[in-house]
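# Next input, structure requested:
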Amino acid sequence: MNNTKLDKKSIEMRKQIVSMMACAGRGHPASAFSLVEILRVLYDDILKYNPKKPKWDKRDRFILSKGHGCLALYVVLAEKGFFPKKELEKFCAFDGLLGGHPEILTPGIEASTGSLGHGLSIGLGMAINAKFEKSNHKVFVVLGDGETDEGSVWEAALCAGKHKLDNLIVILDYNKVQSYGLVSYVQNLEPIADKWKSFGFEVREVDGHNLNELKKVFSQIPFTKGKPSMIICHTVKGKGVSFMEGNAKWHHVKPKPEELKKIYKALEV
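Here you go, the predicted model:
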């Protein structure tokens, strides 16, 4: 994944993330950078939605459970027209729409997240309700790897398997670094694919920065009728900026002006 090349649009989206962080004076850039390509493919090619009618009944539901990665989601939602792009300049401002974690007052946000471990349970309820109402929409939930330390994630996974929720798609942003160190050191998740399979999920693994691979695997969901889907996206925390990649120090920062210049310069290269 370190060698996966980013195209012009992915680089520009990362620049927008840095600009938002510069306006707010803080943010989670590395966690957002690992998400960019996943969100691009979902909103460009997979999800059903109507930005003019954010609560359209037939829309697919998307939940960013790792809410601290919201900078990437806000850039995508603005591009798709859920709110004016000028709102990006007011990230974390009192008069703005965009908080440091997603909130349901923002058009396009289905659930307030950021208290980690809750998003999958919310998505589970949405998927069960969709089955009950015989609705054809799908529910997508993006988890962080460090987030899966939480027991509530596995309780929801057990329930999803029990109810055979093939309308539920769970996506793991597996960048292998959490807030204060390597996932393998803090709480090793391996064998992660086998764990999800044992909970009744059909599992696929993919390079989370390769647009073509992502499109291919997302286009195949649900993978098996009667089973929830898990897509393990192998990503790089801080992808696109060499000194941020795999570096837990960039999980949450209050960047100095010289640091912002350094990031912009790295993205230009």
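
# From now on I want contacts and neighbour counts done on CA atoms only, so please keep to that.
OK.

# Beyond the helix or strand containing Q16, next helix or strand please.
Per DSSP states H and E: Q16 is located in helix 8-24. Once helix 8-24 ends, the next helix or strand along the chain (criterion: DSSP H and E) is helix 29-33.

# Who are the packing partners of that following helix?
Helix 29-33 sits against helix 8-24, helix 70-80, with contacts defined as 3 or more Cα pairs under 8 Å, 6 or more residues apart in numbering; DSSP states H and E.

# Run the chain-centre distance for the helix or strand following the last one.
Toward the C-terminus, helix 70-80 is succeeded by helix 119-132 as the next helix or strand (DSSP H and E). For helix 119-132, the gap between its own C-alpha mean and the chain's C-alpha mean amounts to 18 Å (Cα atoms, centre = their mean, to the nearest Å).

# buried stuff in helix 119-132?
Under the neighbour-count criterion of 16 or more other Cα atoms under 10 Å, helix 119-132 has G119, L120, S121, I122, G123, L124, M126, A127, I128, A130, K131 buried.

# Just flag the most distant two among the residues you listed.
Greatest spacing in these, by Cα to Cα: G119 and K131 (18.5 Å).

# helices and strands around the helix holding Q16, which ones?
Counting contacts by 3+ Cα pairs under 8 Å, 6+ apart, helix 8-24 is packed against helix 29-33, helix 36-41, helix 70-80, helix 257-268.

# pretty sure F140 belongs to a helix, no?
No - F140 sits outside any helix when classified using DSSP: H, G, I helix; E, B strand; the rest coil, being strand.

# I'd assumed K48 was in contact with it.
No - counting by Cα atoms under 8 Å, K48 is not a contact partner of F140; they are 11.1 Å apart.

# Neighbour count for those two, which is higher?
F140 (27 against 16; other Cα atoms under 10 Å).

# how far away is that one from K52?
Separation of F140 from K52 (Cα to Cα, to the nearest Å) stands at 20 Å.

# Same question for A130.
22 Å.

# and L214, how many neighbours?
L214 has 21 neighbours, counted by other Cα under 10 Å.

# contacting residues around it?
For L214, the contacting residues are I38, V41, V206, D207, G208, by Cα atoms under 8 Å, 6 or more residues apart in numbering.
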